[in-house]
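Chemist: A predicted structure for the sequence below; I have some questions about it.
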Amino acid sequence: QVQLVESGGGLVQAGDSLRLSCVASGRPFAEYRVGWFRQAPGKEREFVAQMSRLGAATDYGDSVMGRFTISRDNAKNTAYLQMNSLKPEDTAVYYCAADLAIVGMQFDYWGQGTQVTVSS
């Protein structure tokens, strides 16, 4: 089992950048595919990005493609989400997730979330 703790959220202005971190504890982080999701008030949870266990493969949601970058440092048990050119519509609670399956969109383990607010 793995425990996930996100950090790095905050209040920024449109056009700014922010980097979220997700620190994992428990089983070796390299055993997990990692993903980022977000949920805005009144909306369904939205896929943001995911990365394979060793970082060779990535996948992004259409709304963040070209602006957000997912990365990971397995030696530090940490995943990151670099968010550039932020827009007010990026405002949401951002969640880190992990799963033992090599591929897929299902994630069994979730963090508590970190709030990102982008003002116009």
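Modeler: Structure received.

Chemist: okay, the spatially most central residue of the chain: pLDDT?
Modeler: Nearest residue to the geometric centre of the chain (C-alpha atoms, centre = their mean): W36, 2.7 Å. On pLDDT, W36 comes in at 98.

Chemist: before we move on, what SS does it have?
Modeler: Using DSSP: H, G, I helix; E, B strand; the rest coil, the secondary structure recorded for W36 is strand.

Chemist: kindly state the pLDDT recorded for S21?
Modeler: Turning to S21, the model gives it a pLDDT of 98.

Chemist: show me what contacts it?
Modeler: For S21, the contact set (C-beta atoms under 8 Å, 6 or more residues apart in numbering) comprises E6, S7, G8, T78, A79, Y80. Where C-beta positions appear, they are placed from N, C-alpha and C, glycine not excepted.

Chemist: what about the strands in the chain?
Modeler: With strands called from DSSP state E, the chain shows them at 2-7, 10-13, 18-26, 33-39, 46-51, 58-60, 68-73, 78-83, 92-99, 109-110, 114-119.
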